[in-house]
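Asks: Just a sequence and a predicted model for now, questions to come.
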Amino acid sequence: MSLPVAVRVNELTEDFDPATAHCERLFRDLDLAGLQKTPTPPRSAAVDWALSGAMWLTGSSNGPPQFADGALASAAHGAALALGALAPDSGLDKLDGPALFGERAALAGLSRQGCISAGGSARLLPTRGGIIALNLPRDDDWRLLPALLETDSIDPIVLGDWTFVAEHVAHMDRSSLVQRGRLLGLAIAPADRKTPNSCPYFKFQHESEVAPTRWREKKIRLLDLTSLWAGPLATSLLAIAGIEVLKIESPERPDGARYGPKPFFDLLNGNKHGCTLNLHCERDRDFFEQLLTSADIVLESSRPRGLGQLGFDAGSWVQGRAGRIWASITGYGRDSDAIAFGDDAAIAAGLGWPLDTSRKEARFCGDAIADPLTGLHAAFCILAALTRGRGGLLDVSLLNVTAHAANIQHDGLALPTDVDSTGDTNQWCVLEKNRRISIQQPRSRNLTWTAPPLAPMTEDRLADWNGPC
């Protein structure tokens, strides 16, 4: 049964490939020399999406998979091509960028749920003034609901009860809710149909230049202060490229992804060294300062004020030695204290609505899709800067990367959708030029390593890490 769908086609030649075009744009943005890549047959943005695993995760549970309002899979494909061109023969040249969208879902058994995020922690909720995305992945987030909903208290029995939350926000002003929620440190965003205008997906401050080096021939040290998905994905890709990565966690509040599916955590962190540091402890602060002294790259994903309040200043660190890179992944940029996770950031980027305008219901797009998109692009920015000998403070946000990806040039975002019942089971497919292309379910790379356990830093481990290049 063929289903109605809105088809957008730009005036482009038949051999236009949006992934390659995006890859070439990435190289120009970072002032890199010409791109060397293996020619591949052009693939439309709609087919990229259908093959990514993210389309399978988009739409209601009892309806067909839906297309995204933006060439997101082609952006991921292009970023993976760019990474592979910078680090050939490392494994990155074989990376299936769009498939990263579905890895968590594949390992955790997640599926599309429409106005409920695939991971289950976020909801799209009607309010007075429009729909919001509210993401409550932590118990502490639920404890802030009385302040958000302006109630005196919430009986513990209703914690986790989304019906209770929906009934309250339905009569509240959306702008006030979003503003108050962000002040409280909640991940909340308006769900508008309009994708923000394309904006820079990265910013550099405190820039410095050193002579380009053959970074694969020396030990490049990266301190990974990130958690959850986007940052750990970026550092795991850089580790595949050949960079030495040390994952640093708080012993009191380790990476929250440790409490999710273990195979997913292993996939993102298994090719790194690891240690715990309590930066409120004098001995651990001294360890951290020594690690900073020897590090070439730092990647963090917390709000900038977090380390700043402990006396660690990113700007001063990058200015201390030319060529250093301090990269920061945030929800809305280093200038904003608002937090975001992958699902609500995608909604903030305008991805909460299907292309088919006859469908009125909002829905989540993929599984926390802003996370893998941002991880891919952050990894490319860092590797490109390292290749160029460019240092500085790199600012990458979930919102800007996702909005940028949604706005890349494309050759059409959708195709007719049908059910192919010729096999043993019904399989959704898209129809392109009389071809039936199966919509792929989420899949994961093979798991070949185990994440490092939580273990404190010691003098011996520090000496080994700071050893000769």
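Replies: Structure's in. What do you need?

Asks: what are the ranges of the strands in the chain?
Replies: Counting by DSSP state E, one finds strands in the chain at the ranges 122-127, 130-135, 187-190, 203-209, 221-225, 244-249, 273-276, 297-300, 325-330, 390-397, 417-420, 427-432, 435-438.

Asks: Columns distance to residue 80 and mean neighbour count on top of those, output as CSV?
Replies: C-beta here means a position set from N, CA and C on the backbone, and glycine is covered the same way. Output for the strands of the chain, formatted as CSV (distance: least, Cβ to Cβ, whole Å; neighbours: other Cβ atoms under 10 Å):
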stretch, distance to residue 80, mean neighbour count
strand 122-127, 26, 22
strand 130-135, 27, 24
strand 187-190, 27, 26
strand 203-209, 23, 15
strand 221-225, 20, 22
strand 244-249, 19, 22
strand 273-276, 25, 19
strand 297-300, 19, 25
strand 325-330, 18, 26
strand 390-397, 17, 25
strand 417-420, 26, 18
strand 427-432, 21, 18
strand 435-438, 20, 13
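
Asks: Quick one, which of the ones you listed gets closest to residue 18.
Replies: strand 427-432 (14.3 Å; Cβ to Cβ).

Asks: From the contact counts, what lies against the closest one?
Replies: Contacts defined by 3 or more Cβ pairs under 8 Å, 6 or more residues apart in numbering; DSSP states H and E place strand 427-432 against helix 45-52, strand 417-420, strand 435-438.

Asks: Which of the ones you listed comes out lowest on mean pLDDT?
Replies: Looking over the helices and strands packed on strand 427-432, mean pLDDT reaches its minimum on strand 417-420, with a mean of 81.

Asks: which helices and strands does that strand pack with?
Replies: Looks like strand 417-420 contacts strand 427-432, strand 435-438 (3+ Cβ pairs under 8 Å, 6+ apart).

Asks: Rebuild the ones you listed as a markdown table, extending it with distance to residue 407.
Replies: Compiled in a markdown table, those are given as follows (distance: least, Cβ to Cβ, whole Å):
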| stretch | distance to residue 407 |
| --- | --- |
| strand 427-432 | 22 |
| strand 435-438 | 25 |
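
Asks: For residue 183, find the nearest of those strands.
Replies: If you check each of the helices and strands packed on strand 417-420 against residue 183 by Cβ to Cβ, strand 427-432 wins as the nearest, at 42.1 Å.

Asks: Check the gap between residue 201 and residue 89 for me.
Replies: Look at residue 201 and residue 89: by Cβ to Cβ, to the nearest Å, they are 27 Å apart.

Asks: So for these two, which sits in the more crowded spot?
Replies: Counted by other Cβ atoms under 10 Å, residue 201 and residue 89 do not tie: residue 201 has more neighbours, with 24 against 9.

Asks: Can you tell me the closest non-neighbouring residue to the more buried one?
Replies: Closest residue to residue 201 apart from its sequence neighbours, by Cβ to Cβ, 6 or more residues apart in numbering: residue 404 at 4.1 Å.

Asks: isn't the one you found right up against residue 78?
Replies: No - applying Cβ atoms under 8 Å, one finds residue 404 not in contact with residue 78, separated by 11.3 Å.

Asks: So for these two, which residue has more residues nearby?
Replies: Neighbour tally, residue 404 and residue 78, criterion other Cβ under 10 Å: the higher count belongs to residue 78, 30 against 25.

Asks: Residue 408: which of the strands of the chain is closest?
Replies: With Cβ to Cβ as the measure, strand 390-397 is the member of those nearest residue 408 (16.4 Å).

Asks: Show me what the closest one pairs with in its sheet, parallel or antiparallel.
Replies: Sheet partners assigned to strand 390-397 using DSSP bridges are listed as strand 203-209 (antiparallel), strand 325-330 (parallel).

Asks: Show me the residue at the heart of the protein, geometrically.
Replies: residue 371 (1.5 Å; Cα atoms, centre = their mean).

Asks: Which helix runs longest in this structure?
Replies: If you go by DSSP state H, the chain has its longest helix at helix 370-388.

Asks: Okay, buried residues for that helix please.
Replies: Buried positions in helix 370-388, judged by neighbour count with 16 or more other Cβ atoms under 10 Å: 370-388.

Asks: again, but for stretch 335-342
Replies: Neighbour-count burial for stretch 335-342 flags 338, 339, 340, 341, 342 (criterion: 16+ other Cβ under 10 Å).

Asks: what residue ranges in the stretch 151-300 of the chain score low on pLDDT?
Replies: 153-158, 195-198 (pLDDT under 70).

Asks: Let me see the contact set for the residue nearest to residue 409 when sequence neighbours are not counted.
Replies: In this structure, residue 409 finds its nearest non-sequential neighbour in residue 21, 5.7 Å apart by Cβ to Cβ, 6+ apart. Listed by Cβ atoms under 8 Å, 6 or more residues apart in numbering, the contact partners of residue 21 are 78, 408, 409.

Asks: Cheers, nothing more for now.
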